[in-house]
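**Student:** please find the sequence and the predicted model below.
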Number of protein chains: 2
Amino acid sequence: MDKIIPNYCMVSEPLEVLVGKWKPIILLNLLANSPMRFTEIKQAIPEITQKMLTKQLRELESHDIISRTVYPEVPPRVEYAITAHGQTLQPILDRMHQWGLAHIAHMEEKELKSDLE
Amino acid sequence: MDKIIPNYCMVSEPLEVLVGKWKPIILLNLLANSPMRFTEIKQAIPEITQKMLTKQLRELESHDIISRTVYPEVPPRVEYAITAHGQTLQPILDRMHQWGLAHIAHMEEKELKSDLE
DNA sequence: TCCAATAGTATCTTTTTGGATATTATAGCA
DNA sequence: TGCTATAATATCCAAAAAGATACTATTGGA
C-alpha cells in the first residue's frame, strides 16, 4: 500500500469516533450483542454513569455507528444496535486488539530485559 | 477471527498510544521520514507548540514507538526515529486511514440523502 | 562582550472531559 | 394517593489536556 501522506491523513477520523473513555467498550458490547436496551448496557458496564452513557451513545449515533430506537411505551424502552456502517469498524477493532496484545507482550519483555542490566 | 470479548479487550492499548491531539500526525511524519530532528518535526507541524511537541514525543518514546538520540554538540542536536516496534503500527494506521476515507464518504452520502427529504 | 541557534523547562490560563447528584414524565398498580 | 420502572436532563464540580508565553544552557564566532 502507498504510504499515507501526513498532510492528507484520515487517521483522525476513526480516532474521533472511538475516543471517549467508554466508547470502545460500548461498541464491543453492541457488536457482540445487538440490540441492547439502555439498562442492559448500563448493567454490562456498571462503572459508567447514566450521563456518560447517554453522552457516548449520542456521539456514536451521530457518527452513524449505532442506531437508537424508541418504543413509545411506559415505562420507556429504548434499544441501541450497531449499524451496518458501525460493523465496518469490526476489522479495525480486531486489529487494534491484536496489536494491543502484542504491545503488552513487547513492553513486558522490554521491562524484563532492563531489569537484568 | 473470534469475537473480542468485551471484558478482555485490548483495544484501549493502541488508543492510549495514539491518542493525543498530535500523535498521529507526528507518527505519520516519522514513519514517512526517519530520523527527524526536533526542529524538522516542528516545521512539519507548524501549529504545534514546543511544549506539546516535547510532551507527545516523550509519551511516544515511553511506549517504545519512537527513539530519541541526543548528539552532544552545541547547539544541541536531537534526532527522533520510529522504532521497529513503532513500525508495527503502520498496518493499523493504514487501515484507520482507509476507514476514515470510507467514513467521510459515508457521512457525505447520508447528508445528501437527508437533504433530499 | 554579545549574539545566534537548538532543544528544551517553567508557569499560568483556558478548554475539554468526566463525574456526582438531584430531578423529570408517564401509566399501571396496590 | 403514592409507588415503581425507564431513560433521560439539569446543575454543579473536579480533573485532565491543551495552549500561550517567558525563560534557560551552551559555545563558537562577529
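**Tutor:** Nice, thanks for sending it over.
**Student:** what bridges to the residue nearest to A:S34 when sequence neighbours are not counted?
**Tutor:** Counting by CB to CB, 6 or more residues apart in numbering or on different chains, the nearest residue to A:S34 once its immediate chain neighbours are dropped is A:A81, at 4.0 Å. Backbone N, C-alpha and C define where each C-beta goes, glycine included. Counting by DSSP bridges, A:A81 is bridged to A:S67.
**Student:** return the residues of chain A in contact with DNA strand C.
**Tutor:** A:G20, A:K21, A:W22, A:I48, A:T49, A:Q50, A:K51, A:M52, A:V74, A:P75, A:P76 (CB under 7 Å from any atom of the strand).
**Student:** ok, the residue nearest to A:S34 touching A:A32?
**Tutor:** No - using CB atoms under 8 Å as the test, A:A81 is too far from A:A32 to be in contact (12.0 Å).
**Student:** show me what the lengthiest helix in chain A is packed against.
**Tutor:** For chain A, the helix that runs over the most residues, judged by DSSP state H, is helix A:90-116. Applying 3 or more CB pairs under 8 Å, 6 or more residues apart in numbering or on different chains; DSSP states H and E, one finds that helix A:90-116 contacts helix A:23-32, helix B:12-18, helix B:90-116.
**Student:** in that helix, what's buried?
**Tutor:** Counting neighbours by 16 or more other CB atoms under 10 Å in any protein chain shown, one finds that the buried residues in helix A:90-116 are A:Q90, A:I92, A:L93, A:D94, A:R95, A:M96, A:H97, A:Q98, A:W99, A:G100, A:H103, A:H106.
**Student:** stretch A:16-27 and chain B in contact?
**Tutor:** Yes - using CB under 8 Å from any CB of the partner chain, stretch A:16-27 comes into contact with chain B via A:V17, A:L18, A:V19, A:P24, A:I25.
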